[in-house]
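Asks: any chance you can model this:
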Amino acid sequence: MKYFFYIIAFLVSFNGVAQDKLPYQLYTKNGKKTSYKKMLKESENAEVVLFGEHHDNSIVHWLQLEFTKDLSEKKQLVLGAEMIEADNQKQLNQYLKGEINQKAFDTLARLWNNHKTDYKPLVDFAKSKNLTFVAANIPRRYASLVYKQGFEALDKLSAEEKTWIAPLPIAYDKNLPGYVKMLKMMGDHASENMPKAQAVKDATMGYFIAKNLQPNTIFIHYNGTYHSDNFEGINWYLKREKPSVKIMTIATVSQKDISKIEKENLNLADFIIVVDEDMTKTF
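Replies: Numbering: from 1, shown residues only. Coordinates of the predicted model:
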């Protein structure tokens, strides 16, 4: 009789698992399922965590905040992001110090439209814990300039403007797979300057991360996943600045079925967040 109850208990348990609806699944770069706990533990050994996101993905923004909170309980942190540009560092610092309020920050800085829902919680966490938050990205007008005129256009910037970008000349390898893929994706509309505009963003973010590294501290950088996928982009530039730096990368992908990672998504990063493609978007 007891075996009957064991069978019933097993079937009930299996039925519950089968009906679970999970919003995401974590994988290692080799495609093995892993856990948030293991990812968090591994991050403690890094000096830099490049947390790649889909800008409109609500579950990833939640994970970024939870990851940051949890890691802060174990390590001293510095935070930084693609979504705030280097020439707005002054206004960001003023907000963090309480010298201006959110309304003034919104007015004085060029914040993304989804800042309130997706990035303000991270900035406010830094504010509450008195953490440094680095505005790491190149001002978009200069990236646009590179797209239109190439790297040479940056030579004409003023001395002050050049402090908001990576030092010139910008190193560039057009054969990096990510930049090659970008050109292929654009097809006949591709311009040779398009990956250069991407590269100057990667270079600038890598430069400001390297500039703000501190002993016994982990720098968490939030960026679009394409900027660090395949261990390229920011990772490539950061390694040029600091060859021995220990970097952990996190990538984000969307799939219809999250129970098994698709082949094309393998080896994107040390940890890969596979999100259900029906996940709610923030914009």
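Asks: who are the packing partners of the strand or helix carrying E82?
Replies: For E82, the element it lies in under DSSP states H and E is strand 76-85. Helices and strands touching strand 76-85, as assessed by 3 or more CB pairs under 8 Å, 6 or more residues apart in numbering; DSSP states H and E, comprise helix 58-72, helix 120-129, strand 133-137, helix 194-211, strand 217-224. For glycine as for every other residue, the C-beta is placed from the backbone atoms N, C-alpha and C.
Asks: please repeat the previous calculation with a cut-off of 7 Å.
Replies: Under the contact criterion of 3 or more CB pairs under 7 Å, 6 or more residues apart in numbering; DSSP states H and E, strand 76-85 touches strand 133-137, helix 194-211, strand 217-224.
Asks: how about these in a markdown table, adding distance to F151, mean neighbour count and mean pLDDT?
Replies: Formatted as a markdown table, the entries for these read as follows, by distance: least, CB to CB, whole Å; neighbours: other CB atoms under 10 Å; pLDDT from 0 to 100:
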| stretch | distance to F151 | mean neighbour count | mean pLDDT |
| --- | --- | --- | --- |
| strand 133-137 | 17 | 24 | 98 |
| helix 194-211 | 6 | 24 | 98 |
| strand 217-224 | 21 | 23 | 98 |
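Asks: identify whichever of these lies nearest to K281.
Replies: Between K281 and the helices and strands packed on strand 76-85, the shortest gap by CB to CB is with strand 217-224, which sits at 14.6 Å.
Asks: C-terminal to the closest one, what's the next element?
Replies: Next helix or strand after strand 217-224 toward the C-terminus (DSSP H and E): helix 234-241.
Asks: any idea of the angle the strand holding E82 forms with strand 217-224?
Replies: Going by axes from the mean of the first three to the mean of the last three CA atoms, to 10 degrees, strand 76-85 is angled at 30 degrees with respect to strand 217-224.
Asks: show the average pLDDT along the next helix or strand after strand 76-85.
Replies: Per DSSP H and E, strand 76-85 leads on to helix 89-96 as the next helix or strand towards the C-terminus. In this model, helix 89-96 has an average pLDDT of 98.
Asks: how far off centre is helix 89-96?
Replies: Mean-position distance between helix 89-96 and its chain equals 21 Å (CA atoms, centre = their mean, to the nearest Å).
Asks: distance to Y179 for the helices and strands packed on strand 76-85 - can I get that in TSV?
Replies: Shown next, in TSV, are those (distance: least, CB to CB, whole Å):
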stretch	distance to Y179
strand 133-137	18
helix 194-211	4
strand 217-224	15
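Asks: nearest to H61, out of those?
Replies: Distance to H61, taken as CB to CB, is lowest for strand 217-224 among the helices and strands packed on strand 76-85, at 9.0 Å.
Asks: flag every buried residue along the strand holding E82.
Replies: Residues L77, V78, L79, G80, A81, E82, M83, I84, E85 are the ones in strand 76-85 that count as buried (16 or more other CB atoms under 10 Å).
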